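Q: Mind looking at a prediction? Sequence and model below.
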Amino acid sequence: MKKNVIYYFTLLVFFSYHHDSIAQNQDRNNSLVLNKATQKQLKEYDSFFVKNHKRHINELVELIAIPTMSMKPENKPELKKAADLLKDMLHTIGMENTEVNFTNELPVVTATYTRNKRQPTILFYGHFDVQPVNKERWKSDPFSAEIRDERLYGRGATDDKGPIIALISAIEGLIKVDGNLPVNIKLLLDGGEEMGSPHLPIWLASNQEWLSDIDFGVNVDAMMNNDNQGMMWKGLRGAADLEVTITSANTDLHSGIYGGVAPNAALAASKVIASLWNNDGSIAIKGFYDGLRQYSEKERKEIAAVVDQDQQAKDLREFGIDQWIGEREYSFYERPWIRTSVDITGFKAGYIQGKASIIP
């Protein structure tokens, strides 16, 4: 069933890290193999997910209903409400040591299930805060999840509340069906990722012992390639933000009097921005690509094989884009995955509430 695909993909992560013949191998990190679930297990998982599908969806709807915009100070109570909800969910399914901790007024939800020290321990990371909403662009209330054409629409449904609920549901299914988990796990659910997780370095530095036995990390803040194909990311690009302010005169000037003689800060900023890219969309900043890791042909072919031409064409139509941009010698996914990029995420200049005869 299509609705169970994301559950099964999460289960695959667990079995991918499970040991085989661990008792015969003292070096547990060298004995990791892919263990496939038996047909009996798959049938029992399917039965569990079908039976509990409506409840899992309702749990996601309940989480989406909490407006967890971490960058808005007035939403701090909502972040706590969501954190407490997740803590209760994790406790209910059998996770242990469930806690909510606040650092710099931002929450971190943690839980563990470490019953066999001879098995590896996997850290699962996700975030439950969301970006602000422009309600005019929504067909439905973004905080009242709505199902249309077998898709659930709501703020955070995919980024990242949906994957968190899928993870919790998969853990629950494994514990219910098998009575145990194939690996030890720890969960870290972040309440401030969308604003750069400014609290997380402090929390991590203060919890070194909690982190000390982790062998692998899995970030559930990702995506599926299409409705039937999940993706296991090997790595993610970092990010850096830069805010630039350009000024000309010490006040706005009347364009009827000073137009044509006074420098225009908005025009200067536009020229700077336009100079950052070549005509094909590649970055024109001298030396910007220097030092960037070069991937092998094998790795590049592996990435190119993931490209879904039908999905690309669908995205172009949906977003109203004529064509993709960037370095043509790299395939579609290579550009955002293993190359680097520069983007303008915001621009403000002059009077923006209507018309005004000014030179900013």
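A: On my side now, so go ahead.

Q: C-terminal to the longest helix seen in the chain, what's the next element?
A: The single longest helix within the chain, with elements called by DSSP state H, is helix 39-64. Remark: after helix 39-64, the chain's next helix or strand is helix 76-93, criterion DSSP states H and E.

Q: could you give me the average pLDDT of that following helix?
A: Across helix 76-93, the average pLDDT comes to 97.

Q: Report the angle between it and helix 39-64.
A: 160 degrees (axes from the mean of the first three to the mean of the last three C-alpha atoms, to 10 degrees).

Q: Report the buried residues of the very next helix or strand once past helix 76-93.
A: The helix or strand immediately downstream of helix 76-93 is strand 96-103, counting by DSSP H and E. By neighbour count on 16 or more other C-beta atoms under 10 Å, the buried set for strand 96-103 is 98, 100, 103. In this view, the C-beta of every residue, glycine as well, is placed from N, C-alpha and C.

Q: May I have strand 96-103 exported as PDB, CA atoms only?
A: The C-alpha trace of strand 96-103 is given here as PDB (Å, rounded to 0.1, in the frame of the first residue of the first chain):
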ATOM      1  CA  GLU A  96      12.900   5.400  27.700                       C
ATOM      2  CA  ASN A  97      14.500   8.400  29.400                       C
ATOM      3  CA  THR A  98      12.100  10.800  27.600                       C
ATOM      4  CA  GLU A  99      13.000  14.400  28.400                       C
ATOM      5  CA  VAL A 100      12.400  18.000  27.300                       C
ATOM      6  CA  ASN A 101      15.300  20.300  27.900                       C
ATOM      7  CA  PHE A 102      15.400  24.100  27.200                       C
ATOM      8  CA  THR A 103      18.500  26.000  26.200                       C
END
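
Q: other SSEs contacting it?
A: Taking 3 or more C-beta pairs under 8 Å, 6 or more residues apart in numbering; DSSP states H and E as contact, the helices and strands that strand 96-103 lies on are helix 76-93, strand 106-113, helix 200-206.

Q: Given it, what are its sheet partners and their directions?
A: Strand pairing for strand 96-103, using DSSP bridges, gives strand 106-113 (antiparallel).

Q: Check which element follows the partner strand along the chain.
A: From strand 106-113, the next helix or strand downstream (DSSP H and E) is strand 121-127.

Q: Just want the angle from that following strand to helix 76-93.
A: Going by the same axes, to 10 degrees, strand 121-127 makes 150 degrees with helix 76-93.

Q: Return the residues in contact with residue 157.
A: Shown in contact with residue 157 (C-beta atoms under 8 Å, 6 or more residues apart in numbering): 60, 64, 145.

Q: could you measure it against residue 191, distance?
A: Look at residue 157 and residue 191: by C-beta to C-beta, to the nearest Å, they are 18 Å apart.

Q: can you give me the strands in the stretch 251-360 of the chain?
A: Assigned by DSSP state E, counting those that start in this stretch, the stretch 251-360 of the chain shows strands spanning 253-254, 358-359.

Q: So which of the ones you listed is the most surrounded?
A: strand 358-359 (a mean of 20; mean count of other C-beta atoms under 10 Å).

Q: partners of that strand in the sheet?
A: When DSSP bridges is applied, strand 358-359 pairs with strand 253-254 (antiparallel).

Q: Now find how far off-centre the partner strand is within its chain.
A: Averaged C-alpha coordinates place strand 253-254 at 45 Å from its chain's average position (C-alpha atoms, centre = their mean, to the nearest Å).

Q: Contacts for that strand next, please.
A: 262, 357-359.

Q: mind redoing it with 6 Å?
A: 262, 357, 359 (C-beta atoms under 6 Å, 6 or more residues apart in numbering).

Q: Same check on stretch 192-203?
A: By C-beta under 6 Å, 6+ apart, the surrounding residues in contact with stretch 192-203 are 70-71, 103-104, 106, 108, 127, 129, 131, 190.

Q: swap the cut-off to 8 Å and go again
A: 69-71, 79, 101, 103-108, 127, 129-131, 160, 190, 221, 241.

Q: ok, back up a step: please convert the contacts of residue 157 to JSON lines, extending it with pLDDT, neighbour count and distance to residue 235.
A: Below are the contacts of residue 157 laid out as JSON lines (pLDDT from 0 to 100; neighbours: other C-beta atoms under 10 Å; distance: C-beta to C-beta, whole Å):
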{"residue": "60", "pLDDT": "97", "neighbour count": "23", "distance to residue 235": "28"}
{"residue": "64", "pLDDT": "98", "neighbour count": "26", "distance to residue 235": "29"}
{"residue": "145", "pLDDT": "94", "neighbour count": "23", "distance to residue 235": "31"}
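
Q: count of residues packed around the closest residue to residue 215 other than its chain neighbours?
A: Nearest residue to residue 215, sequence neighbours excluded (C-beta to C-beta, 6 or more residues apart in numbering): residue 120, at 4.1 Å. Number of residues near residue 120 (other C-beta atoms under 10 Å) recorded here: 21.

Q: And residue 113, by the same measure?
A: Residue 113: 22 surrounding residues under other C-beta under 10 Å.

Q: Could you tell me which of the contacts of stretch 192-203 count as buried?
A: By 16+ other C-beta under 10 Å, the contacts of stretch 192-203 give 69-70, 79, 103, 106-108, 127, 129-130, 160, 190, 221 as buried.
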